[in-house]
Structure formats: C-alpha cells, structure tokens
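Asker: Pasting the sequence and the predicted coordinates here, then a few questions.
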Amino acid sequence: MATLGELEKQFVLHWGEMGARWGLNRTVAQIHALLYLSARPLAADDICEALDVARSNVSNGLKELQNWGVVRVSHVLGDRRDLFESIGDVWEMFRKVLDERKRREIDPTLQFLRESAEQAEAAGVTAHTRARLVEMRDFFETMCRWYDDLRKLPTERLVQFVRLRDMVERVFGGR
C-alpha cells in the first residue's frame, strides 16, 4: 500500500471530522474516505497501515460501512483475502446514506408521531398540543412521500431535478 500524499491525508482527516459531526465514528468515516480515494480495493491490513489504526477498529468500521451499503467486499483471483472498495458513484453513495439515515432516524420518528397523534385525544392533552403533533406528523409524512418519489428517479433524472434549482431561482427570485 502506497503511503498517502498530503492532499489525500487532508481529505481523509476532513472526512473523518465531517463524519464525526454527523454522528459517525471518526475512524469509520476515515476508512470510507481512504476507500473512496483508492484506485483499487484494499485489504483490512492495508487500511490499518495507511490510517495507523488497530485492526479491531478497521474490522468494526468495515462492518458498519457495509451495513450502510457504501462499502462492499471484492475478491481477486489468487488472493484469498477480503478486499474492500467504496461505491464510486457519489449520487448512489449519497442515496444509500440518505436511505440509511431515513431508516434509522426518520422512520422511527414518524412512527412515534403517528402513535402520539393517535393517542393524544385519549391522553387528554390540550387541543394545541394535539394540533402540533398532527402538524408534525403530516409534515414528516409529506416529506417521506416526496423522498420516496425522488428515490425512484434514475440518477440522470435526479441530477436534472437538482439542477432545476437555478431555473427556479430565476423564476421566483434569487438569493
């Protein structure tokens, strides 16, 4: 494994800091950054060496990244080791991260809001509180339906949709 150049080190460090701000383990995010930049799949030992981290941290990090769906195992003829590579398509990577965050964070919140709004009247809470719970539930349901619709778009169409922002700003007034 070649050593990292200065720019690669900066990217890996920054990605780790960004991941930490988003609630990920810093090392997990650094492993992802290293794999994303790598031109070839890497063995866990190569990752340990490049990042100077313990094998157990790398193993746990790789499992987490596989659970997120942004890293996959690959194999090379003649090499019995598991090699790891990141998804290369940033749009697909972003979709997988959003899908997982929705599953872990948004879906349980929506379920809680549905149950709370349903129980609010029987629990004797004020009309104001019931209205707020229903409003929040409706907002989450609307945004989830919107996300599900966007998720179904092929990448090319999604890119076009995102780039429509410039046209919308011109029509409705800009920044």
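Answerer: The structure has been received and is ready for your questions. Computed from a predicted structure; not experimentally measured.

Asker: if you go through this protein in chain order, where are the helices?
Answerer: With DSSP state H, the ranges of helices along the chain come out as 6-21, 26-37, 44-51, 55-68, 90-101, 107-120, 127-151, 155-172.

Asker: So what angle separates the directions of the third one and helix 55-68?
Answerer: Same thing as helix 44-51. For helix 44-51 against helix 55-68, the angle between stretch directions is 110 degrees (axes from the mean of the first three to the mean of the last three CA atoms, to 10 degrees).

Asker: what do you get for the fifth one?
Answerer: With the same axes, to 10 degrees defining the directions, helix 90-101 sits at 90 degrees from helix 55-68.

Asker: low-confidence ranges in this structure?
Answerer: Low-confidence regions of the chain, defined by pLDDT under 70, span residues 1-2, 174-175.

Asker: longest strand in it, by residue count?
Answerer: Scanning the chain for the longest strand, with DSSP state E as the assignment, gives strand 79-86.

Asker: now it, how far from the centre of its chain.
Answerer: Centroid separation for strand 79-86 versus its chain: 22 Å, with CA atoms, centre = their mean, to the nearest Å.

Asker: So what touches it?
Answerer: Applying CB atoms under 8 Å, 6 or more residues apart in numbering, the external contacts of strand 79-86 come out as 32, 35-36, 38, 40-45, 47, 62, 65, 70-76, 93. Where you see a C-beta, it was placed from the backbone N, CA and C, and this is true even at glycine.

Asker: what's the domain layout of the protein?
Answerer: 6-86, 90-172 (automatic domain parsing).
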